[in-house]
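# please work out how this folds:
(one chain, ligands or ions: 1)
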Amino acid sequence: MINRLMILPPIHLRRKEDAMKTLLVFASTHHGNTKKVVERMAQVLSADMADITRNSTPDLSGYDLVGLASGVYFNTLHKDIVRLAEQGRFLPGQRVFLADTCGVGYINYCAGVRKKLAGRGIPVLGCFQCRGYDTFGIWGRLGGIAKGHPSGKDLDRAASFARDVLEKAQAEKTDL
Ligand SMILES: Cc1cc2nc3c(=O)[nH]c(=O)nc-3n(C[C@H](O)[C@H](O)[C@H](O)COP(=O)(O)O)c2cc1C
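So this is what the prediction gives:
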């Protein structure tokens, strides 16, 4: 069977009508770690960015693809991002992806929000996670953990993830 991805031209050669209008909504309150990831993804996706801690009700209309990104605070994503996942006005056909940065890297912190979105019938194309410099609580007194993260390698991985998500969203859009 021919997969749509196989017949789409490379991203830089796509027609204007194939372009995915993308918004990255983020919360990055500790060290700006997540913002670094979001900025790198925004370059790849030519995306608009919205800091949800400044405007708690970003307008999602007019976007094909919406990324929700957050630091991890007490085992979950920022409360405003969680609320957006629970109550945000996502449009039919809109695709969503998730990203987070965390001090401790071995737990999948996106899972809860992904489940909430799935429960609302909103498809999630993927979740990116990397570590981010953490000086919260006891870690601060010990000099912090995940120093130097997100690293250049983390950001390259974020860029590659963003390209994959774009490919998936574009393929699904042309399938509509
Ligand atoms: C209040 C607070 C709670 C945190 N809780 C967790 C946690 O439960 N698990 C974890 O892995 N990291 C935790 N962290 C570390 C942050 O998730 C990590 O440093 C992240 O990169 C911060 O992103 P930001 O700089 O974009 O805000 C916490 C940090 C803060 C400030």
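
# does the lengthiest helix in the chain come close to the ligand?
Counting residues, the longest helix found in the chain (DSSP state H) is helix 152-175. No. Taking Cβ under 6 Å from any ligand atom as the criterion, helix 152-175 and the ligand are apart, separated by no less than 10.3 Å. Every C-beta, even on glycine, is put in place using the N, C-alpha and C of the backbone.

# and stretch 77-90, by the same measure?
No. Legend: contact between stretch 77-90 and the ligand by Cβ under 6 Å from any ligand atom is lacking; minimum distance shown is 7.8 Å.

# and that stretch, what's buried?
Judged by neighbour count (16 or more other Cβ atoms under 10 Å), stretch 77-90 contains these buried residues: Leu77, His78, Asp80, Ile81, Val82, Leu84, Ala85, Gly88, Phe90.

# could those go into TSV alongside pLDDT and distance to Phe128?
Formatted as TSV, the entries for the buried residues of stretch 77-90 read as follows, by pLDDT from 0 to 100; distance: Cβ to Cβ, whole Å:
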residue	pLDDT	distance to Phe128
Leu77	98	13
His78	98	16
Asp80	98	19
Ile81	98	14
Val82	98	17
Leu84	98	17
Ala85	98	16
Gly88	96	19
Phe90	96	19
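
# return the member of those nearest to Arg54.
Each of the buried residues of stretch 77-90 was scored against Arg54 by Cβ to Cβ, and Asp80 proved nearest at 10.0 Å.

# got a list of what the closest one touches?
For Asp80, the residues meeting the contact criterion (Cβ atoms under 8 Å, 6 or more residues apart in numbering) are Ala27, Ile52, Thr53, Ser56.

# weed out the non-buried ones from those residues.
If we count by 16+ other Cβ under 10 Å, the contacts of Asp80 have these buried: Ala27, Ile52.

# go through the contacts of Asp80 and flag which are in strands.
Among the contacts of Asp80, DSSP state E puts Ala27 in strands.

# could I get the contacts of Asp80 as JSON lines with distance to Asn108 and pLDDT?
As requested, the contacts of Asp80 are arranged in JSON lines below (distance: Cβ to Cβ, whole Å; pLDDT from 0 to 100):
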{"residue": "Ala27", "distance to Asn108": "18", "pLDDT": "98"}
{"residue": "Ile52", "distance to Asn108": "21", "pLDDT": "98"}
{"residue": "Thr53", "distance to Asn108": "24", "pLDDT": "98"}
{"residue": "Ser56", "distance to Asn108": "26", "pLDDT": "93"}
